[in-house]
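okay, sequence plus prediction incoming.
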Amino acid sequence: MKVLHTIRETPPNPAGLCALSINNDNCYLAYPGSATIGEVQVFDTVNLRAANMIPAHDSPLAALAFDASGTKLATASEKGTVIRVFSIPEGQKLFEFRRGVKRPQEEPTTWTGYFGKVLMASTSYLPSQVTEMFNQGRAFATVRLPFCGHKNICSLATIQKIPRLLVGASDGYLYMYNLDPQEGGECTLMKQHKLDGSVETTNEILDSASHDCPLVTQTYSTAVAKAYTDELGAAGGTCLEDEASALRLGEDSEHPPMILRTD
């Protein structure tokens, strides 16, 4: 092996952030063009020349990824709220995704809803910076990780002809989630596998093990209602359903916590 080309005068990149497309016809290298803003330099690795510079984000880049054909590049900044997809090598923005859930469209039933529909229809007369906020796509599928504060790496994979989302976290675990490519929605945790080689979790990720505790989505109100029922039962009497329903705990709109089922 020998060096064919050296790219010089690159900005500081301590994390070694870069992406290389694997397509033979569209083989490009993407790397940060600035350490202070989200510029992407696209390099043609076949002709050994610079192809384009894409002003992707205002904040420094945090992630880069090509698609399998090498014609699209996804970028994310350190701010982490927006993912943009650009055409390669043109550098035209094709898509923009923002964290959150895209709500289904509903027909307006009140004058306020009708006013909102009129406002959306009038976005063609507004500046592009304003209309982009109305047209940003929301998440097709979401995952609730059972931890916070850990760095992680995500990857989509097909295992036994079923799409899965794999998350490798710095806590030493590999998490496998079920992904519905048709409906999307919230992904469910299928398995978790310890990566340090300890004896207690030697099972393979696709095997069923008795010690694997699946995560259960449970609202805070449900947990409180169950505890309330158990407490009344332990006090020497059975809890009436009317007493439990009178608490009106089902109106809690907070995100449900993820708990381990131990029973």
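Perfect, I can see it now.

what about residue 16, neighbour count?
Using other C-beta atoms under 10 Å, residue 16 has 6 neighbouring residues. Every C-beta, even on glycine, is put in place using the N, C-alpha and C of the backbone.

likewise for residue 179?
Residues lying near residue 179 (other C-beta under 10 Å) number 20.

try the one 4 residues further on
Here the number of neighbours of residue 183 (other C-beta under 10 Å) works out to 7.

residue 36 too?
With neighbours defined by other C-beta under 10 Å, the count for residue 36 comes to 11.

domain ranges for the protein?
Taking automatic domain parsing as the reference, the chain has its domains at 1-100, 102-139, 141-212, 220-260.

ranking these by mean pLDDT, which is last?
Of all the domains of the chain, domain 220-260 carries the lowest average pLDDT, namely a mean of 44.

all the helices of the protein, in order from the start?
Taking DSSP state H as the test, the helices found in the chain are 111-121, 128-135, 220-234, 241-245.

where exactly do the strands run in the stretch 1-150 of the chain?
Assigned by DSSP state E, counting those that start in this stretch, the strands in the stretch 1-150 of the chain fall at 19-20, 28-32, 38-44, 49-57, 61-66, 72-77, 82-87, 93-101, 137-139, 141-142.

quick one: closest of those strands to residue 170.
Taking C-beta to C-beta, strand 61-66 is the member of the strands of the stretch 1-150 of the chain nearest to residue 170, at 15.7 Å.

mind listing what's buried in the closest one?
61-64, 66 (16 or more other C-beta atoms under 10 Å).

now swap in stretch 154-171 and tell me
By neighbour count on 16+ other C-beta under 10 Å, the buried set for stretch 154-171 is 164-169.

show me what residue 52 bridges to in the sheet.
Beta-bridge partners recorded for residue 52 (DSSP bridges): residue 42.

can you pull the contacts of it?
Counting by C-beta atoms under 8 Å, 6 or more residues apart in numbering, residue 52 touches 42, 88-91.

and stretch 63-76, end to end?
Terminal residues of stretch 63-76 are spaced 5 Å apart (C-alpha to C-alpha, to the nearest Å).

and if you look at stretch 183-191?
One end of stretch 183-191 sits 21 Å from the other (C-alpha to C-alpha).

buried ones in it?
Judged by neighbour count using 16+ other C-beta under 10 Å, the buried positions of stretch 183-191 are 187, 189-191.

with distance to residue 54 as added columns, please give those in a markdown table.
Formatted as a markdown table, the buried residues of stretch 183-191 follow (distance: C-beta to C-beta, whole Å):
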| residue | distance to residue 54 |
| --- | --- |
| 187 | 30 |
| 189 | 36 |
| 190 | 36 |
| 191 | 38 |
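
on that earlier part again, tabulate the buried residues of strand 61-66 (CSV), appending distance to residue 53.
Listed next are the buried residues of strand 61-66 as CSV, based on distance: C-beta to C-beta, whole Å:
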residue, distance to residue 53
61, 13
62, 18
63, 18
64, 14
66, 16
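
nearest residue to residue 64 other than its sequence neighbours?
Among residues not flanking residue 64 along the chain, residue 19 sits closest, at 3.9 Å (C-beta to C-beta, 6 or more residues apart in numbering).
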